[in-house]
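Q: Need a 3D model of the following:
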Amino acid sequence: MGFWEKAATVVVLLLMVNSVHSIGANWGTQATHPLAPSIIVKLLKDNGIQKVKLFDAEARVLNAFSGSGIEVMVGIPNEMLSLLANSVSAAERWVERNVSAHVSANGVDIRCVAVGNEPFLSSYNGTFLATTYPALQNIQAALIKAGLGNKVKVTVPLNADVYQSSTVQPSTGDFNPDIHSLMLEIVNFLSLNGAPFTVNIYPFISLYNDPNFPIDYAFFDGYPSPIEDNGKIYTNVFDANYDTLVWSLQKNGFSNLTIIVGEIGWPTDGDRNANAASAQRFNQGFISRLNQGTPMRPGPVDAYLFSLVDEDAKSIQPGNFERHWGIFNYDGTPKYNLSLAGNSRGLVPASNVRYLQRRWCVMSPTASLEDPQVGLSVSYACARADCTKLGFGTSCSNLDARGNISYAFNSYYQINNQLETACRFPNLSVVTTSDPSVGTCRFGLMIETPGSVRGSGGVVLGKPVGLVVQMIVFLFTLLL
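A: Numbers count the residues shown, from 1 in each chain. Have a look, this model is predicted:
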């Protein structure tokens with residue numbers, strides 16, 4: 001091969017490398033003991049994750065990304081949409097404080113502002129239908145006024161339920177008729193401003209909501225009954241879902257609009273289909289074909305894994321799995337082996353994480369399961385801690401009744417920073433220095449965080465809340 005042939009080959013390879021999209025990650029902070037922003041930034045860099053999506057714009061978080069080289073998407077909570085929709089000056093102040101100040105003074109590489117988060121979910125009962133688009137317009141105007149219109153783009157992360165198909169074929173897709181006109185206004189605005197359409201796609205939710213959903217269709221390693229659509233073959237639900245959006249855009253005259261997958265992932269606990277093996281299978285399958293694209297949109301897919309770390313204070317209204325989406329545990333330890341794009345060594349754990357003393361709160365060996373305080377005590381603990389790993393098909397489903405009670409007590413004890421008074425369930429609990437973890441069920445040991453003490457009083461039993469009562473009734477029916 002001659003010199004010019006070799007040079008041409010090098011150029012082609014460089015172009016291919018530059019076209020490759022690295023995977024991003026969502027970082028949520030709904031945790032009782034969140035890792036410090038500096039630890040998170042190092043965790044991202046150590047694992048080659050070059051972009052992060054946030055759900056707010058907290059100053060101390062953004063400051064940690066100063067000079068990091070990590071691309072940042074900041075978020076505006078749904079609760080702020082009304083204010084920003086009705087006040088241009090409020091939008092300008094928000095941009096000044098949360099974008100301009102960090103881009104100019106702190107060297108934070110903010111690339112996008114997410115206006116709201118899945119604001120059209122049916123569970124919101126239309127609360128944000130009238131405010132999302134005006135807020136989007138005002139934030140865009142504020143970015144332009146601040147001289148950032150070309151650098152920082154706006155978007156609205158939307159759930160995949162904003163579009164639908166009348167058959168299993170993606171080509172029958174279009175925007176949901178209930179919000180069709182609103183979606184076209186938003187899409188047209190994004191197109192005019194060179195901004196992306198952001199969609200959250202969750203094959204796990206398809207499986208969770210439909211017991212008859214073909215499980216192999218949720219993954220990327222083969223489906224025996226592929227779907228054919230105008231000569232295009234679909235072997236997984238992600239491709240079909242993504243291309244339903246592509247068709248929805250194309251039918252309405254926006255075939256070239258950039259698409260970002262704002263959230264995609266698989267939880268590791270809290271449901272019979274949520275486990276580390278399935279999460280590894282899904283996430284590795286997705287990452288391995290990140291640059292392949294879909295039948296309708298071949299080429300690199302811009303995507304953010306959901307999520308980086310577990311959040312033990314998230315709402316569990318959608319399901320107990322909501323607190324277990326992370327590829328890392330709450331303490332930054334990897335849950336399973338995962339090779340990210342450009343990183344074949346597997347996940348690198350967080351560094352400089354400090355733990356509380358090695359001690360746990362468990363049910364006393366002398367306590368009786370028949371004690372009338374047991375139900376109230378466990379209910380109290382679970383209402384104020386995290387018992388989502390308990391139940392059928394979870395990582396702690398192997399525990400007996402005493403083990404379930406111990407897990408609940410310890411969760412409350414750790415969340416309260418191992419306060420002595422947090423392990424004083426009446427005649428029921430005792431502190432131990434022997435790790436009570438059993439098999440796949442890990443009894444947590446809380447990490448140190450500045451100013452994280454969550455109360456100092458003793459355990460006062462109150463009236464159990466409904467969701468927790470249901471959990472306790474289920475556990476005791478199953479195990480006693």
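
Q: who's in contact with His180?
A: Shown in contact with His180 (CB atoms under 8 Å, 6 or more residues apart in numbering): Asp174. Where C-beta positions appear, they are placed from N, C-alpha and C, glycine not excepted.

Q: can I assume it sits in a strand?
A: No. His180 sits outside any strand when classified using DSSP: H, G, I helix; E, B strand; the rest coil, being helix.

Q: Give me the distance between it and Ile70.
A: Distance of His180 to Ile70, given as CB to CB, to the nearest Å: 37 Å.

Q: With Asp56 instead?
A: Computed as CB to CB, the Asp56 to Ile70 distance reads 17 Å.

Q: Repeat that for Asp371.
A: Computed as CB to CB, the Asp371 to Ile70 distance reads 52 Å.

Q: Same question for Val88.
A: Per CB to CB, Val88 is found 31 Å from Ile70.

Q: Neighbour count: those two, which is higher?
A: Between Val88 and Ile70, counted using other CB atoms under 10 Å, Ile70 has the larger neighbour count: 19 against 16.

Q: what's near enough to touch that one?
A: Ile70 touches Val41, Leu44, Lys45, Ile49, Gln50, Lys51, Val52, Asp109, counting by CB under 8 Å, 6+ apart.

Q: Can you flag which of the residues you listed belong to strands?
A: Here DSSP state E is the test, and the contacts of Ile70 give Lys51, Val52, Asp109 as lying in strands.

Q: Could you give the bridge partners of the last one?
A: Using DSSP bridges, the beta-bridge partners of Asp109 come out as Glu71.

Q: got the contact list for it?
A: By CB under 8 Å, 6+ apart, Asp109 lies in contact with Phe65, Ser68, Gly69, Ile70, Glu71, Val72, Val103.

Q: Please indicate which of those residues are buried?
A: Buried members of those, scored by 16 or more other CB atoms under 10 Å, are Phe65, Ser68, Ile70, Glu71, Val72, Val103.

Q: Do I have it right that the second one meets Lys42?
A: No. With contacts counted by CB atoms under 8 Å, Ser68 stays clear of Lys42, the gap being 9.0 Å.

Q: SS state for Leu190?
A: The three-state label given to Leu190 by three-state DSSP is helix.

Q: what's the closest non-adjacent residue to Ser406?
A: Using CB to CB, 6 or more residues apart in numbering and skipping the chain neighbours, the partner closest in space to Ser406 is Val362 (3.9 Å).

Q: what residues does stretch 269-281 touch?
A: For stretch 269-281, contacts defined as CB under 8 Å, 6+ apart pick out 204, 207-208, 215, 219, 221, 265-268, 316, 319-324, 327, 335-338, 388-389, 391-395.

Q: just the CA coordinates of the helix or strand harbouring Tyr133, formatted as CSV?
A: Element membership for Tyr133 (DSSP states H and E) is helix 132-145. Extracted C-alpha coordinates of helix 132-145, given in CSV (Å, rounded to 0.1, in the frame of the first residue of the first chain):
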residue,chain,number,x,y,z
THR,A,132,-44.2,23.3,29.0
TYR,A,133,-44.1,24.9,25.5
PRO,A,134,-44.2,28.5,26.8
ALA,A,135,-41.4,27.7,29.3
LEU,A,136,-39.4,26.1,26.5
GLN,A,137,-39.8,29.3,24.4
ASN,A,138,-38.8,31.6,27.2
ILE,A,139,-35.7,29.6,28.1
GLN,A,140,-34.7,29.6,24.5
ALA,A,141,-35.2,33.3,24.3
ALA,A,142,-33.2,33.8,27.5
LEU,A,143,-30.3,31.7,26.1
ILE,A,144,-30.2,33.8,22.9
LYS,A,145,-30.2,37.0,24.9
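
Q: Would you mind measuring from the nearest residue to Ile405 once chain neighbours are set aside to Ser397?
A: Once flanking residues are discounted, Ile405 sits nearest to Met363: 4.6 Å by CB to CB, 6+ apart. To Ser397, Met363 is 18 Å away according to CB to CB.

Q: now swap in Asn417 and tell me
A: Asn417 is 28 Å from Ser397, by CB to CB.

Q: Just list the residues touching the residue nearest to Phe175 when sequence neighbours are not counted, thanks.
A: Of all residues not flanking Phe175 in the chain, Met183 sits nearest, at 4.3 Å (CB to CB, 6+ apart). Counting by CB under 8 Å, 6+ apart, Met183 makes contact with Val162, Tyr163, Phe175, Asn176.

Q: just checking, Met183 is part of a strand?
A: No. Going by three-state DSSP, the assignment for Met183 is helix, not a strand.

Q: Quick check, pLDDT for it.
A: Here, the pLDDT recorded for Met183 equals 98.

Q: and Pro34, helix, strand or coil?
A: Judged by three-state DSSP, the three-state class of Pro34 is coil.
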